[in-house]
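Engineer: Next comes the sequence, and after it the predicted model I'd like to discuss.
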Amino acid sequence: MYRTHTCGELRREHIGQEVKLSGWVQRVRDLGAMVFVDLRDRYGITQLAFNEQNAGLLDKARSLGREYVIQATGRVVERASKNPKLPTGEIEIQVDKLEVLNKSEIPPFTIEDNTDGGDELRMKYRYLDIRRNPVKNNLIFRARVTQLVRNYLAEQGFIDVETPYLIKSTPEGARDFVVPSRLHPGQFYALPQSPQTFKQLLMVGGLDKYMQIVKCFRDEDLRADRQPEFTQIDCEMSFVEQEDVLQTFEGLVRYLIKEIHGIDTGPFPRLSYDEALARYGTDKPDIRFGMELTELTDSARGRGFRVFDQAEYIGAIAVEGAAGYSRKQIDEITKWMQRPQVGAKGLIWAKYNADGSIKSSVDKFFDATTIKDWMEKAGAKPGDLLFIMAGERQATQGHLGILRMEMAERLGLRDPKRFSPLWVVDFPLLEWDEETGRYHAMHHPFTSPKPEDIPLLDTAPDKVRANAYDLVLNGNEIGGGSIRIHDQDLQRKMFRLLGFSDEEAQRQFGFLMNAFTYGAPPHGGIAFGLDRLVAILGGRESIRDFIAFPKNNAGRDTMIDAPDRISDEQLKELHLKLDLPED
Ligand code: ASP
């Protein structure tokens, strides 16, 4: 037997007991006549004590290195100097037997809560990183969240079904990762971007309520804090309308926030897509704070200021308490907005000074009364700063939305301990893509239009709203789904609108459309990004902190060194010839 207790277990009431512990050496303190060893495992740290009475043992303890795996047998005794910070801090083990189970090299960074290891090093030695409390606790937290998700959904009658990973591609907007087939020369599987079509087929199969916590794969261009493989809580239900899905999953997210943080968020507000853009400049608004966009188009246009007169849209946000910003600060924010990643043209500002006076970058064109009128519209008080932007409607709203988030960040308004979920509904069904000169499904091609908008499919496709919804939490889209098309004719029509020929649609999605000929129930569902959900519930921004073995920003696993070349034999077996650019 390796142990009678864990390193986090022993307390005052165990004093006098003979125990055996196993774990890692966190620290050795050599006081000459005495040696103390902090022994660590997943559950905590217990102090081992060695004294002169057994010189051989004392020497052995002295020779232990950091991260050695050891086993110690001894008696639980009361500690002379207690450590109130440790749950085991009242006791120590007077060791009478010590065994080294395994030695360790000196770790490349310290296994402490605040380590000296940089990101890269910690990723390369992730197994050592996982020994550290912050990483370990995040993984435990993630497991707790998934357990709660399973409990809730099982309670609601959802059946956990596994769907295949080797499939053919489902278009969800990203590129597929593909897997060459050895047995079928020249043919490829694709890894699922999501189990979308399978979960719909499970509904045709009559399972009624499906759930799966499932890996999905998207070969997208790398963006910060994206992973090429990520986990979804994937769900589908039959005989439901949008309202049923929203109720069920609002229940789930409310339950999670309640269980984890003891907070009842109350019912989630709902915003239409158009309203979200108009008020927040984004379809995933952070509503923990106000600073909403105010449209000034009518009152600011036609006064002889060219930038405004030529604009389709003029809008503003009022930044609370920022009237004191210096010219330099405003310039810096302007530059930040003009970076290529944002691409704003310029920023117009107006200060509502504490004494009620107005100062603005457009003083030449607008008198104080006009600007005060804008201030009032935007809800600005003396002491606030108004940022105004003008241009094409969508883009300008988007820029104001980005500015709003940035100012909130700077002002500390994004409190990670607050949770403000909402639904965004009534998305457009289609999106025009300039590049390909085609419509794209905004959600995916299986999403149903709103029944009342179906006639518009023939006349004004861009006006058609989708029966789709997103769940947004603290400015992040954490889930999205839709009511699906379950009628083969409508599905065919949708594929045509998306530019598929009937043959192409048949070749790629024949299996689904055939299934729809055998009695497909009305159905709909949703998927949550588990990594992000866990990170936000954990009060953090980065999803990597909650993934045991994440890829780095270049999509590499630096620990196992993947992706990697494969041998010529493997290539041959797979009937592949490489055509690499010379470097
Ligand atoms: N398959 C969709 C996604 O991965 C979610 C859904 O429509 O249920 O975003």
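Structural biologist: Thanks, I have it.
Engineer: make it CA atoms for all contacts and neighbour counts henceforth
Structural biologist: OK.
Engineer: who in this structure is up against the ligand?
Structural biologist: Applying C-alpha under 6 Å from any ligand atom, one finds that the chain approaches the ligand through 194, 196, 480-482, 525-527.
Engineer: go with 5 Å
Structural biologist: Counting by C-alpha under 5 Å from any ligand atom, the chain comes close to the ligand at 194, 196, 481, 525-527.
Engineer: where do the helices sit along the stretch 451-583 of the chain?
Structural biologist: Applying DSSP state H, counting those that start in this stretch to the stretch 451-583 of the chain gives helices spanning 456-459, 488-497, 502-516, 530-537, 568-573.
Engineer: The longest one - contacts with which helices or strands?
Structural biologist: So the one you mean is helix 502-516. Helix 502-516 sits against helix 196-204, helix 488-497, with contacts defined as 3 or more C-alpha pairs under 8 Å, 6 or more residues apart in numbering; DSSP states H and E.
Engineer: could you check the angle helix 530-537 makes with the next helix or strand after the first one?
Structural biologist: Meaning helix 196-204. Where DSSP states H and E defines the elements, the next helix or strand beyond helix 196-204 is strand 209-217. With axes from the mean of the first three to the mean of the last three C-alpha atoms, to 10 degrees as the basis, strand 209-217 and helix 530-537 are set at 100 degrees to each other.
Engineer: partner strands of strand 209-217, parallel or antiparallel?
Structural biologist: If you go by DSSP bridges, strand 209-217 pairs up with strand 159-160 (parallel), strand 229-238 (antiparallel).
Engineer: could you give the mean pLDDT of the shortest one?
Structural biologist: Spelled out, it's strand 159-160. Here strand 159-160 scores 98 as its mean pLDDT.
Engineer: rewinding a little: give me whichever of the helices and strands packed on helix 502-516 is most buried.
Structural biologist: For the helices and strands packed on helix 502-516, the largest average neighbour count (mean count of other C-alpha atoms under 10 Å) is found in helix 196-204, namely a mean of 21.
Engineer: Tell me which other helices or strands that one touches.
Structural biologist: strand 209-217, strand 229-238, helix 502-516.
Engineer: a markdown table please, covering these and showing mean neighbour count, distance to Ala318 and mean pLDDT.
Structural biologist: Supplementary listing: these in a markdown table, determined by neighbours: other C-alpha atoms under 10 Å; distance: least, C-alpha to C-alpha, whole Å; pLDDT from 0 to 100:
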| stretch | mean neighbour count | distance to Ala318 | mean pLDDT |
| --- | --- | --- | --- |
| strand 209-217 | 21 | 41 | 97 |
| strand 229-238 | 23 | 37 | 98 |
| helix 502-516 | 16 | 49 | 92 |
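Engineer: Tabulate the ones you listed (JSON lines), appending distance to Pro285.
Structural biologist: Listed next are the helices and strands packed on helix 196-204 as JSON lines, based on distance: least, C-alpha to C-alpha, whole Å:
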{"stretch": "strand 209-217", "distance to Pro285": "25"}
{"stretch": "strand 229-238", "distance to Pro285": "21"}
{"stretch": "helix 502-516", "distance to Pro285": "35"}
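Engineer: Out of those, which gets nearest to Leu64?
Structural biologist: Among those, strand 229-238 comes nearest to Leu64, with 40.2 Å by C-alpha to C-alpha.
Engineer: next structured bit after that closest one?
Structural biologist: Sequence order places helix 242-261 as the next helix or strand after strand 229-238, per DSSP H and E.
Engineer: List the buried residues of that next one.
Structural biologist: Within helix 242-261, the residues that count as buried by 16 or more other C-alpha atoms under 10 Å are 242, 245-246, 249-250, 252-257.
Engineer: Among these, which one lies nearest to the ligand?
Structural biologist: Closest approach between the buried residues of helix 242-261 and the ligand, by C-alpha to the nearest ligand atom: Val245, at 10.6 Å.
Engineer: How about the closest one, nearest residue that isn't a chain neighbour?
Structural biologist: Taking C-alpha to C-alpha, 6 or more residues apart in numbering, and ignoring the residues beside it in sequence, Val245 has Gly525 as its nearest neighbour in space, at 6.6 Å.
Engineer: Would you quantify the distance from that neighbour to Lys97?
Structural biologist: Note on Gly525: its distance to Lys97, by C-alpha to C-alpha, to the nearest Å, is 59 Å.
Engineer: Look at the two and report which has more neighbours.
Structural biologist: When neighbours are counted by other C-alpha atoms under 10 Å, Gly525 and Lys97 differ, and Gly525 comes out ahead with 29 against 12.
Engineer: That one reaches Phe239, doesn't it?
Structural biologist: No - counting by C-alpha atoms under 8 Å, Gly525 stays clear of Phe239, with 10.8 Å between them.
Engineer: if we can go back for a sec, dump the residues of the chain next to the ligand to CSV, plus pLDDT.
Structural biologist: Compiled in CSV, the residues of the chain next to the ligand are given as follows (pLDDT from 0 to 100):
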residue, pLDDT
Ser194, 95
Gln196, 95
Gly481, 98
Gly525, 98
Ile526, 98
Ala527, 98
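Engineer: Go through these and flag which are in strands.
Structural biologist: Counting by DSSP state E, the members of those that fall within strands are 481, 525-527.
Engineer: any idea which of those residues has the most stuff around it?
Structural biologist: Neighbour count (other C-alpha under 10 Å) singles out Gly525 as the most crowded of those, with 29 neighbours.
Engineer: Quick one: low-confidence residue ranges for the stretch 51-200 of the chain.
Structural biologist: The model of the stretch 51-200 of the chain has pLDDT under 70 over residues 170-172.
Engineer: Can you show me the helices along it?
Structural biologist: With DSSP H, counting those that start in this stretch as the criterion, the stretch 51-200 of the chain has helices at 55-62, 119-124, 126-129, 133-155, 196-204.
Engineer: Pick the most buried one from the ones you listed.
Structural biologist: Of these, the one with the most neighbours on average (mean count of other C-alpha under 10 Å) is helix 196-204, at a mean of 21.
Engineer: Any idea how far stretch 87-102 is from the middle of the chain?
Structural biologist: Computed by C-alpha atoms, centre = their mean, to the nearest Å, the chain-centroid distance of stretch 87-102 equals 41 Å.
Engineer: typed the wrong thing, it's stretch 129-148
Structural biologist: 15 Å.
Engineer: And stretch 327-340, by the same measure?
Structural biologist: For stretch 327-340, the distance to the chain centre is 28 Å (C-alpha atoms, centre = their mean).
Engineer: In it, which residues have enough neighbours to count as buried?
Structural biologist: Neighbour counts over stretch 327-340 (16+ other C-alpha under 10 Å) mark 330, 334-338 as buried.
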